[in-house]
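Colleague: fold the following, please.
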Amino acid sequence: MKVDRQVLANVVAAGKHLFYQFENDLFVHVHLGRYGSFRLGPVPSPPARGLVRMRIVNDKATLDLNGPTQCRVIDTVDRDQVLARLGPDPLAGGLAADVWQNVASSKQPIGALLLDQVVIAGIGNIFRAEALFEIGMNPETRGCDLDRKSFDRLWRVLVRMLRTGVKHDQIIAVTAKEAGKPLEKLDKHQRLRIYGKTTCMRCAGPVAVVKMAARKLYVCHHCQA
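Modeller: Residues are numbered from 1 along each chain as shown. Here you go, the predicted model:
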């Protein structure tokens, strides 16, 4: 392998993409997708479990990667091509004004635009559902029909949720005030408001599941009319 026994120099995230840079100036480009996961193990390294796509080892631990959508060795040119296809990343200094230009010029529904990595990088299916629910936005609203004030509110919610996720290493939509206890004490059923739910926490009505951008989207048609 081109990076076998090379020293890992840096790791950079861009949206949903990870770039592991090695000392020979090659990268391993990783996109976890829906099923990718890392497993931390001891040293000496244990036998591989399942199909391990990448293993990183130092004198303290073994890190295995299983099930990613993407795992390939690339050079700087390839990395730059991937980055050029991504929209602004809210966690990496992306600007609301740049995303707004992408949204306001589109006739696609906002529920689809949020998953379009060319429009905005890093938003996944759970964040999409939770952010739209928090501000009561109908996911069918076309980007070109949104006003800037509504978009700015959506942007602030997305940035807060992403930063909270990084801080706690969990996708958390609710606030500590809303939950009534510190976020780190929430169990997995208390972290989200609408995703995976059958009943709306606000109006007690049914939560609908619609398909948008080839993914299931949870929505309350009453609260997001």
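
Colleague: surely residue 104 and residue 144 touch.
Modeller: Yes - using Cβ atoms under 8 Å, residue 104 is in contact with residue 144, at 6.1 Å. Any C-beta I mention is one placed from the backbone N, CA and C, and that applies to glycine too.

Colleague: the two: which is more packed in?
Modeller: Ranked by neighbour count (other Cβ atoms under 10 Å), residue 104 and residue 144 place residue 104 first, with 15 against 11.

Colleague: how about the contacts made by that one?
Modeller: 143-144, 146, 148, 151 (Cβ atoms under 8 Å, 6 or more residues apart in numbering).

Colleague: equivalent analysis for residue 114, please.
Modeller: Per Cβ under 8 Å, 6+ apart, neighbours of residue 114: 120, 123, 127-128, 131-132.

Colleague: now the residues you listed in JSON lines, with secondary structure, distance to residue 7 and neighbour count?
Modeller: Formatted as JSON lines, these follow (DSSP: H, G, I helix; E, B strand; the rest coil; distance: Cβ to Cβ, whole Å; neighbours: other Cβ atoms under 10 Å):
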{"residue": "120", "secondary structure": "coil", "distance to residue 7": "34", "neighbour count": "25"}
{"residue": "123", "secondary structure": "coil", "distance to residue 7": "33", "neighbour count": "24"}
{"residue": "127", "secondary structure": "helix", "distance to residue 7": "34", "neighbour count": "20"}
{"residue": "128", "secondary structure": "helix", "distance to residue 7": "38", "neighbour count": "24"}
{"residue": "131", "secondary structure": "helix", "distance to residue 7": "39", "neighbour count": "24"}
{"residue": "132", "secondary structure": "helix", "distance to residue 7": "43", "neighbour count": "25"}
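
Colleague: which of the contacts of residue 104 sits closest to residue 61?
Modeller: residue 151 (42.6 Å; Cβ to Cβ).

Colleague: pop the domain breakdown of the protein in here.
Modeller: 8-84, 90-219 (automatic domain parsing).

Colleague: among those domains, which is the most enclosed?
Modeller: domain 90-219 (a mean of 16; mean count of other Cβ atoms under 10 Å).

Colleague: give the contact list for the closest residue in space to residue 18 that isn't next to it in sequence.
Modeller: In space, and not counting its chain neighbours, residue 18 is closest to residue 30: 4.2 Å by Cβ to Cβ, 6 or more residues apart in numbering. Applying Cβ under 8 Å, 6+ apart, we find residue 30 in contact with 17-20, 36, 54, 65, 68, 70-71.

Colleague: could you say which helix or strand holds residue 30?
Modeller: strand 27-31 (DSSP states H and E).

Colleague: so how far is the next helix or strand after that strand off the chain centroid?
Modeller: Next helix or strand after strand 27-31 toward the C-terminus (DSSP H and E): strand 37-41. Between the centre of strand 37-41 and the centre of its chain there are 19 Å (Cα atoms, centre = their mean, to the nearest Å).

Colleague: could you list the paired strands of strand 37-41 along with their orientation?
Modeller: strand 62-66 (antiparallel) (DSSP bridges).

Colleague: how far away from the center of its chain is the strand it pairs with?
Modeller: Distance, centroid of strand 62-66 to centroid of chain: 20 Å (Cα atoms, centre = their mean).

Colleague: swap in stretch 86-105?
Modeller: With Cα atoms, centre = their mean, you get 15 Å for stretch 86-105.

Colleague: what helix or strand does the spatially closest residue to residue 170 that is not a sequence neighbour sit in?
Modeller: Nearest residue to residue 170, sequence neighbours excluded (Cβ to Cβ, 6+ apart): residue 191, at 6.3 Å. Using DSSP H and E, residue 191 sits in no helix or strand.
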